[in-house]
Structures are given as structure tokens and as C-alpha cells.
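1. Kindly generate the corresponding structure for this input.
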Amino acid sequence: MSFSRRQFIQLMGIAGAAGMLPGCSSGDGNGTPAVSASKAPSDLYEVPKFGNVSLMHITDCHAQLNPIYFREPNVNLGLADAYGKAPHLVGHKLLEHFGIKPNTIEAHAFSYLNFEDAAQTYGKVGGFAHLSTLVKRLRAERGDGNSLLLDGGDTWQGSYTALQTRGMDMVEACNLLGVDVMTGHWEFTYRDHEVLKNLEAFNGEFVAQNIRVRDEAMFDYQFEDYHGYNDRSGHAFQPYTIREVGGVRVAVIGQAFPYTPIANPARFIPDWTFGIREREMQQMVDQVRETERPDAVVVISHNGMDVDLKMAANVTGIDAIFGGHTHDGMPAPSIVKNASGKTLVTNAGSNGKFLGVMDLDVRNGKVQDFRYRLLPVFANLIEPDRQMQAYIDEVRAPHMGVLSEELAVAGELMYRRGNFNGTFDQIICDAQRVIGDAQISLSPGFRWGTTVLPGQAITMEHIYDQTGTTYPETYVNEMSGADLKMILEDVLDNLFNEDPYLQQGGDMVRVGGMDYVCDPTATIGKRIKEMQLDDGTRIEADKSYKVAGWATVGSQSPGRPIWDVVADYLRDVKVAEIQKLNTPKLVNVDGNPGLADYPV
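-> Numbers count the residues shown, from 1 in each chain. As a prediction, this is how the structure comes out:
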């Protein structure tokens with residue numbers, strides 16, 4: 001059942017009166033709001049003004065200009081020190097940890113529970129026109145000059161229109177939205193000169209203390225005229241900015257995704273080096289505090305939440321880290337103690353689904369207190385901003401013929417997010433096997449990609465939502481069983497290494513046509529066991545297998561773009577249903593609060 005906007009707002013009014021909507025608080029340090037739900041405002045978007053500095057945060061929008069459906073994961077394993085801690089909580093464990101009542105609009109926003117029915121009831125989330133209305137409202141309530149809008153990156157990539165405009169459609173959307181400061185990751189999957197062209201058109205500032213120009217490129221650096229480049233420090237972009245907010249000085253330091261040239265093609269950005277650079281971050285914080293005398297220091301980060309938590313524990317002098325990359329929608333910040341005090345660590349989900357709002361009381365040269373809310377953006381509850389909606393309609397109009405093509409009907413829920421597999425990932429894997437006549441298929445564990453409800457048409461736009469990269473080429477190669485195991489082990493180590501600084505984010509590579517047993521608690525080389533084909537045949541280390549895949553990082557593959565392969569497959573099957581979900585059998589993780597409703 002779906003509701004009109006009027007009916008929906010009436011429903012939410014009843015929900016608010018019953019104490020079903022989220023509270024607003026600084027919390028107790030364990031992620032539990034200090035203000036109970038029974039004291040929640042009747043308006044989901046009523047965020048009382050607090051203090052004198054308001055920092056709003058979006059991240060990982062992945063170029064989704066219009067509202068979408070997005071299912072949160074049922075698998076987000078936390079091991080070792082991360083066990084049972086945010087962000088590695090799913091389902092009821094997540095709701096319990098953050099004090100969220102089940103079967104509410106907030107429970108739907110933050111968990112996968114009862115997703116299909118709740119999505120039908122509450123409708124789509126996100127949309128830049130709806131986000132714009134919310135940002136304008138909060139800014140007006142806080143007054144001119146009292147707020148900043150921070151963007152954690154992964155904004156220019158993830159849709160057909162972004163791919164066609166090389167990200168410029170999102171630059172203009174962010175200008176209309178009023179983004180003040182941003183950092184990046186997938187932005188660097190365009191060519192280096194395209195990145196700089198987009199940044200020249202961006203009205204805000206791009207910051208990244210951890211991107212340097214290669215030593216060998218310094219003498220003939222082709223972008224030396226770019227205003228962010230510093231030939232003395234080697235920074236390719238300005239590392240920080242100072243903004244006057246609410247009558248105080250706020251420093252915003254940037255931290256781009258550290259592993260960009262490893263996780264994505266380095267050939268697109270040959271002159272730039274990345275890295276976590278913890279020591280340099282500490283030096284930057286110390287330098288900024290000494291020379292700029294800010295009242296507050298915050299970091300806009302694309303590290304991923306586990307990396308941010310470790311950095312917050314090791315680097316002193318940071319008041320708050322506004323994180324991204326791992327798409328974790330966390331209702332309250334983690335409060336991390338370190339040698340000089342504490343640092344707040346947040347992560348604001350993905351796909352334009354959330355807007356983080358941190359209000360600070362900054363007096364006497366430091367942060368005295370805070371309030372935080374992560375607001376889910378429900379399209380049915382927020383009127384779209386007319387100016388932004390007109391822009392979105394204009395930028396999409398030339399492409400509607402492609403975007404609206406209906407390829408098949410979703411025979412079941414089609415989603416991606418989760419550590420090991422998703423139904424839309426399985427469709428991509430199945431398409432590669434069928435079209436490529438392969439025994440096995442591989443697909444990257446990307447965390448971006450929208451959700452399609454059962455019975456909905458799967459359009460070409462949905463395919464680009466899942467596959468819209470600048471390196472979409474497919475391949476079909478012979479690969480040994482030993483090589484397959486090595487690939488799986490390597491990706492698992494990126495996901496589950498005990499040291500967060502050795503994790504690269506993302507999820508496990510998806511497989512088609514094969515199964516295996518996985519022990520995430522083991523060490524590298526020992527996590528994968530009992531590999532076999534769908535027919536039960538054991539995969540032998542010294543035998544060769546025909547493997548299809550896409551999105552190679554090292555060099556360009558020779559095959560067709562993945563979106564064409566998947567589209568051909570869906571046009572043929574008519575109804576998209578999963579015959580077999582190739583998700584591994586997990587061992588030694590029973591009872592893990594980051595695991596629920598696992599199919600094997």
C-alpha cells in the first residue's frame with residue numbers, strides 16, 4: 001500500500017505523537033541517544049537549534065539526483081576489535097544499540113528489516129531536490145553564516161547522466177545545493193584533467209591533505225597552474241580551509257580515499273599519489289592549530305569508518321571526523337578517546353539517503369558540547385525544491401530514451417549492499433556467464449547501486465546505477481583454480497584484515513557459477529575452502545576454468561561494456577529471478593551482530 005503526501009504526513013503526525021520518531025542528542029558515548037524516543041519531536045525534520053556552529057554532511061551520493069529505493073545490509077561483519085561495535089551492526093542488533101523502535105520509519109531508514117513492505121509504505125529516499133529543501137530549511141533556521149555543508153565525495157559517479165557529462169551534472173547540482181567543502185574518491189575515476197575542469201566549475205572548495213604530486217612528476221607537472229597545487233609541500237590540492245561560521249573559526253581538513261590508485265585505475269591519475277598518511281595528518285592538525293588558531297578542527301574524510309575510528313584514536317586535536325566510503329548510516333557518532341581528549345566519528349550513509357547535522361557549541365576557543373542527528377531523506381515527506389528539480393529535469397531530458405527502456409521485470413527484490421552477495425550482483429554474474437559462455441563469473445564488490453522492488457520494471461537506468469564506471473569493459477579468460485583462490489583471498493584480506501589501515505573498504509568480490517566455504521576469522525590464505533562449481537565439481541588448483549569478469553583496474557579489458565551484457569541478458573529472460581545465489585557458506589561467525597538472515 002502506498003500513500004499520498006497528505007496521507008503520509010498525517011500518518012507521521014500520529015507516529016510522532018506516539019513517540020515513534022528519532023530523538024536528538026549528544027548521546028552517552030556508546031551510540032545511544034540520551035533523549036528518549038518518547039520526547040521526540042512530532043516532525044521528523046524538526047532539529048532544534050543548538051550552539052553557534054552547524055555542520056551538515058552528505059557523502060557517497062553516487063550521482064543519484066532523483067529519489068531511489070535503497071536496502072541497508074543484513075551482513076556487515078565486525079571481527080576482532082570491531083566485533084559488536086558500530087558500524088558492524090545490522091537488523092535488530094543495530095536498532096537495539098541505537099535505541100530505535102522496531103517497525104517505525106526510522107527502523108526502515110537504518111535497517112534492512114521488513115524492507116519490501118516498509119518501502120511500499122514509506123516510499124523512496126533521497127533526491128537532490130528534496131535534499132535541497134531540507135538543507136535550505138535547516139540553514140534558514142540556523143541563520144546566515146552559521147552553517148557549512150560538507151560533501152565526503154563519491155558524488156560525481158554512479159549514474160548514466162554522470163557518466164555522460166563526466167561528472168559535471170553533479171558539480172552543478174552541488175553548486176545549487178550549496179556545498180561548501182568536499183573531498184573525493186570516485187571523482188578520480190575520471191581523467192585527471194577532467195577532475196580539475198570539474199573543480200574549476202565547483203563553487204565550493206576541494207580539500208585533501210593526503211594527495212601529493214609524484215616526485216618524478218614535480219619538474220614537469222602539467223597542472224601547476226591549478227590553484228590548489230603547492231610546489232613546496234607537493235600537495236596536489238589544498239589540504240585544508242578555514243571558514244568563519246557562527247562567529248568562530250572552523251578548520252576543515254580533507255582526507256580523500258587513501259587507496260584510490262589501487263582500488264581504481266591509476267592510469268587515469270598518473271601524477272598523483274594517495275595514502276592514509278597518519279603522521280602527515282597529525283602534522284597538519286598541529287600546524288593548523290598553531291598557525292590558524294581555529295576554534296574547532298574537523299576532518300571531511302573518505303577513509304571508511306573503521307579507518308576513521310583508528311585515526312581518531314591515534315591523531316589528536318580533531319574535534320570531529322565526518323566520514324564516508326563505507327556507506328554506513330550511523331544514527332549517532334562514535335566517541336573516540338585519545339591522548340588529548342575525544343573525537344566524534346560519524347558516517348552518513350549513501351545515495352543521498354541521509355543528511356547529517358552536527359550542531360556545536362563553540363566558546364572560549366574550543367568545542368564545549370554538541371548535538372547530532374542523521375536525518376533520513378524521505379521523498380514523501382519533503383517537497384522538492386523547484387529550482388533543483390527544474391535543473392534535474394533539464395539534465396535528464398536528453399537521455400530519457402535510454403534511461404526509461406524497460407528490460408525485464410524484477411521477480412524478486414533486487415539489491416546489492418552486503419559483505420558477500422546481493423541479488424542484483426547475482427544477475428550481473430549470471431549475465432556474464434550466459435553471454436560469455438563461461439563456467440565462472442566475477443563482479444566487483446561495489447557498495448553503490450540502487451534497489452528495485454519486486455514487480456517493478458528493471459530499466460536501463462537501473463543497470464547504469466549498478467555498473468556506471470569509466471572502466472566497464474568485460475573479459476572472458478582462462479584462469480586456474482589457484483588463481484581464483486588467490487583473488488578471493490586477497491579481496492577478503494582487504495575486507496577483514498585486523499588492521500583497519502590495511503582495509504580498502506568495499507565488499508567481497510561477487511561470484512557466479514561457484515560456491516565456497518569462508519572463514520572470515522582466519523588469516524590470509526586460509527579463509528577460503530571447498531571451492532566447487534555449481535554442479536558440485538571440486539575446483540582444482542592446477543586446472544583451468546573459463547572465467548568472465550569486468551572492471552579490471554590494471555589495464556583495459558577487450559570486451560563490451562558490462563551494461564550492454566547485462567541488458568542483453570535481461571531482455572532475453574524477461575523476468576529477473578535468482579535461480580541460485582552464489583553466496584559462500586560462513587563458518588566461525590555464528591552470533592556475530594553484523595550478520596542476520598544469512599541464506600547459507
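2. I'd guessed residue 589 sits against residue 522; true?
-> No - taking contacts as Cβ atoms under 8 Å, residue 589 lies outside contact range of residue 522: 11.0 Å. The way it works is simple: take the backbone N, C-alpha and C, and place the C-beta from them, glycine included.
3. so the closest residue to residue 342 other than its chain neighbours is in which element?
-> Spatial nearest neighbour of residue 342, chain neighbours left out: residue 335 (5.5 Å); criterion: Cβ to Cβ, 6 or more residues apart in numbering. Using DSSP states H and E, residue 335 sits in strand 334-338.
4. The next helix or strand after that strand versus strand 334-338: what angle between them?
-> The first helix or strand that comes after strand 334-338 along the chain, using DSSP H and E, is strand 341-347. Orientation check (axes from the mean of the first three to the mean of the last three Cα atoms, to 10 degrees): strand 341-347 against strand 334-338 gives 150 degrees.
5. can you map out the strands along the stretch 201-350 of the chain?
-> Counting by DSSP state E, counting those that start in this stretch, the stretch 201-350 of the chain has strands at residues 205-206, 212-213, 240-245, 248-255, 272-273, 296-301, 320-323, 334-338, 341-347.
6. need those strands in JSON lines with mean neighbour count, can you?
-> Formatted as JSON lines, the strands of the stretch 201-350 of the chain follow (neighbours: other Cβ atoms under 10 Å):
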{"stretch": "strand 205-206", "mean neighbour count": "22"}
{"stretch": "strand 212-213", "mean neighbour count": "22"}
{"stretch": "strand 240-245", "mean neighbour count": "18"}
{"stretch": "strand 248-255", "mean neighbour count": "24"}
{"stretch": "strand 272-273", "mean neighbour count": "20"}
{"stretch": "strand 296-301", "mean neighbour count": "28"}
{"stretch": "strand 320-323", "mean neighbour count": "29"}
{"stretch": "strand 334-338", "mean neighbour count": "17"}
{"stretch": "strand 341-347", "mean neighbour count": "24"}
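7. got CSV for the ones you listed, with mean pLDDT and distance to residue 69 too?
-> Output for these, formatted as CSV (pLDDT from 0 to 100; distance: least, Cβ to Cβ, whole Å):
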stretch, mean pLDDT, distance to residue 69
strand 205-206, 98, 31
strand 212-213, 96, 40
strand 240-245, 98, 35
strand 248-255, 98, 30
strand 272-273, 97, 36
strand 296-301, 98, 27
strand 320-323, 98, 24
strand 334-338, 97, 28
strand 341-347, 97, 21
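8. So which of these is nearest residue 143?
-> Among the strands of the stretch 201-350 of the chain, strand 240-245 comes nearest to residue 143, with 10.8 Å by Cβ to Cβ.
9. picking up where we left off before, these two touch, right, the residue nearest to residue 342 and residue 321?
-> No - Residue 335 is not in contact with residue 321 according to Cβ under 8 Å; the separation is 11.3 Å.
10. for the host helix or strand of residue 482, packing partners?
-> Using DSSP H and E, residue 482 sits within helix 481-496. Contact partners of helix 481-496 among helices and strands, from 3 or more Cβ pairs under 8 Å, 6 or more residues apart in numbering; DSSP states H and E: strand 514-518, strand 528-533, strand 544-550.
11. Direction included, what does the last one pair up with?
-> Using DSSP bridges, the neighbouring strands of strand 544-550 in the sheet come out as strand 440-443 (parallel), strand 474-480 (antiparallel).
12. which of these is buried the deepest?
-> Mean neighbour counts were taken over the strands paired with strand 544-550 using mean count of other Cβ atoms under 10 Å, and the top value, a mean of 26, falls to strand 440-443.
13. Give the partner strands of the helix or strand just after it in its sheet and their orientations.
-> Next in sequence after strand 440-443, counting helices and strands by DSSP H and E, comes strand 457-459. Sheet neighbours of strand 457-459, with direction, are listed as strand 406-410 (antiparallel) (DSSP bridges).
14. Following the strand it pairs with in sequence, what is the next regular element?
-> The element immediately downstream of strand 406-410 (helix or strand, assigned by DSSP H and E) is helix 423-436.
15. Pull the residues that contact that next one.
-> Outside helix 423-436, the residues within contact range by Cβ atoms under 8 Å, 6 or more residues apart in numbering are 412-416, 438-443, 449, 451-452, 466-467, 474, 476, 510-513, 546, 548-550, 559, 562, 565-566, 568-570, 576, 578-582.
16. One more: stretch 281-292?
-> In contact with stretch 281-292 (Cβ under 8 Å, 6+ apart) are residues 209-210, 239-240, 242, 249, 251, 253, 255, 294, 297, 299, 311, 314-318.
17. Could you check which helix or strand contains residue 194?
-> With elements taken from DSSP H and E, the one containing residue 194 is helix 192-201.
18. helices and strands around that helix, which ones?
-> helix 168-177.
19. And the helix it packs on, what does it pack against?
-> The helices and strands touching helix 168-177, judged by 3+ Cβ pairs under 8 Å, 6+ apart, are helix 128-142, helix 160-165, helix 192-201, helix 386-396.
20. Quick one: closest of these to residue 105.
-> Of those, nearest to residue 105 by Cβ to Cβ is helix 128-142, at 15.0 Å.
21. What's the mean pLDDT across the helix or strand just after the closest one?
-> Downstream of helix 128-142, the next assigned helix or strand under DSSP H and E is strand 147-151. The average pLDDT for strand 147-151 rounds to 98.
22. Just give me how far strand 147-151 sits from the chain centre.
-> 17 Å (Cα atoms, centre = their mean, to the nearest Å).
23. Repeat that for stretch 362-370.
-> Using Cα atoms, centre = their mean, the offset of stretch 362-370 from its chain centre is 30 Å.
24. try stretch 545-564
-> Put simply, stretch 545-564 sits 24 Å off its chain's centre (Cα atoms, centre = their mean).
25. Kindly check the end-to-end length of it for me.
-> This stretch, stretch 545-564, spans 24 Å end to end (Cα to Cα, to the nearest Å).
26. how close does residue 426 sit to residue 561?
-> 19 Å (Cβ to Cβ, to the nearest Å).
27. and these two? which has more neighbours close in?
-> Neighbour count, other Cβ atoms under 10 Å: between residue 426 and residue 561, residue 426 has more, with 25 against 17.
28. what's the distance between that one and residue 580?
-> According to Cβ to Cβ, residue 426 and residue 580 sit 8 Å apart.
29. With residue 216 instead?
-> Distance, residue 216 to residue 580, by Cβ to Cβ: 49 Å.
30. These two: which is more packed in?
-> Neighbour count, other Cβ under 10 Å: between residue 216 and residue 580, residue 580 has more, with 11 against 8.
31. if I pick that one, what's in contact with it?
-> Residue 580 makes contacts with 426, 534, as judged by Cβ under 8 Å, 6+ apart.
32. Quick one, grab the pLDDT at it.
-> Note on residue 580: pLDDT of 95.
33. Same question for residue 526.
-> At residue 526, the predicted lDDT confidence score is 96.
34. now residue 11
-> Confidence at residue 11, expressed as pLDDT, is 45.
35. same deal with residue 256?
-> Listed pLDDT for residue 256 reads 98.
36. OK, contacts around it?
-> Going by Cβ under 8 Å, 6+ apart, residue 256 touches 153, 183-185, 188, 208, 210-211, 274, 302.
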